[in-house]
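**Student:** give me a model of this one.
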Amino acid sequence: MSKRLLPTMAALQCFESAARHMSFTRAAEELHLTQSAVSKQVAQLEEMLQHLLFHRVRRRLQLTPAGELYLAEVNKILTQVDISSRYILSYGGETEVLRVATQPTFGARWLIPNLKGFSKRYPNIHLDIRNELEPFDLVQAKADVAFFYGQGSWPGAACIELFGEDVVPVCAPEILSRRPFSSAGELADLVLLQCTSRPEAWHEWFEEQGINTEHSYHGPRFDTFYMCIRAAQAGCGVALVPRFLVEDELAEAKLVIPWKHHKASQGSHFIAYAEQSIDIPKVRSFVDWILEKAKGTNQRPAQGPEFQE
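**Tutor:** All right, here's what the predicted structure looks like:
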């Protein structure tokens, strides 16, 4: 294995400060070093990289093309080190971090509102929640717990069904006020907002009502339900979304249901954790909390087992 190029943190800090001030002297003042020490650190860095990072012109500094490229990378490294250090600094000695992965709209619309009170009950569990659009290997510990929609199958993971869902069409109120609908088929004349993760949704919604239309796959396509919802609110068209994700907009009349046909989705929402994590207290505590909250969700109830012993 070839030797790694690992410059010291001091060298990276000296380079970044000198590049920001375009001065070794000002960098030295900022870092509480001598001007010669900063200059030496940068020179050693240039020797390691085998590229000049600065042009020294009449006691003035100017980044070389290589220096500009390297500065962008160094800024990323220093920023990540700062974030990681502050991340650890914010925890007490007894704190455990629980990494949670969720789809963006589900996380914002269902998960976050249902976390109220969790920190008070479990003050030593710090939640680290991140959005995931693409599938990943839960067993490789990218997350301790994950939420997903589907059929409840995830290699190497225990999956517990939380609840099913019904999807409904929604649009801005002005669309309905301009044109009352006398049949579901008339919705096909509108712009149908598509969600990338549910490409068959509109086709199945029309098909369930015995309607055959050539337009069910046509329309702007969005990565998340959140973007579909925002597009519907903006009057861009009609979206087909799980009702529980738009309860607030419906209650506030920001969105309306133009045709009241609720279709039960074929999948359900699940919580999953690696099979070997079953006895980890932080995982058990979080899953128990989520199952408690899922019972109050106004959707089709889960049919799966409780958290396993």
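
**Student:** which other residues reach whichever strand or helix holds Y70?
**Tutor:** Taking DSSP states H and E as the definition, Y70 sits inside helix 65-89. With contacts defined as CB atoms under 8 Å, 6 or more residues apart in numbering, helix 65-89 is touched by M9, L12, Q13, F15, E16, A19, L49, H51, L52, L53, F54, L63. Every C-beta, even on glycine, is put in place using the N, C-alpha and C of the backbone.

**Student:** state the mean pLDDT of the host helix or strand of the fourth one.
**Tutor:** This means F15. Using DSSP H and E, F15 falls within helix 9-21. On average, the pLDDT along helix 9-21 is 95.

**Student:** got the CA coordinates for it in CSV?
**Tutor:** The C-alpha coordinates for helix 9-21 follow below in CSV (Å, rounded to 0.1, in the frame of the first residue of the first chain):
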residue,chain,number,x,y,z
MET,A,9,-3.7,20.1,10.6
ALA,A,10,-1.3,23.0,11.4
ALA,A,11,-0.1,23.1,7.8
LEU,A,12,-3.7,23.1,6.5
GLN,A,13,-4.7,25.9,8.9
CYS,A,14,-1.7,28.0,7.9
PHE,A,15,-2.4,27.6,4.2
GLU,A,16,-6.1,28.4,4.6
SER,A,17,-5.5,31.5,6.7
ALA,A,18,-2.8,32.7,4.3
ALA,A,19,-5.0,32.2,1.3
ARG,A,20,-7.9,34.0,3.0
HIS,A,21,-5.8,37.0,4.0
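
**Student:** after the helix holding Y70, next one along is what?
**Tutor:** Helices and strands here follow DSSP H and E; after helix 65-89, the next one along the chain is strand 96-102.

**Student:** quick one: that following strand to chain centroid distance?
**Tutor:** Strand 96-102 sits 12 Å away from the centroid of its parent chain (CA atoms, centre = their mean, to the nearest Å).

**Student:** kindly report the same for stretch 114-127.
**Tutor:** When distances are taken as CA atoms, centre = their mean, stretch 114-127 is centred 20 Å away from the chain's centroid.

**Student:** for the helix or strand following the helix holding F15, buried residues please.
**Tutor:** Per DSSP H and E, the first helix or strand lying C-terminal to helix 9-21 is helix 24-31. Buried residues in helix 24-31, counted by 16 or more other CB atoms under 10 Å: F24, A27, A28, E30, L31.

**Student:** again, but for stretch 251-262
**Tutor:** Going by neighbour count (16+ other CB under 10 Å), the buried part of stretch 251-262 is L255, V256, I257, P258, W259.

**Student:** many thanks, we can stop here.
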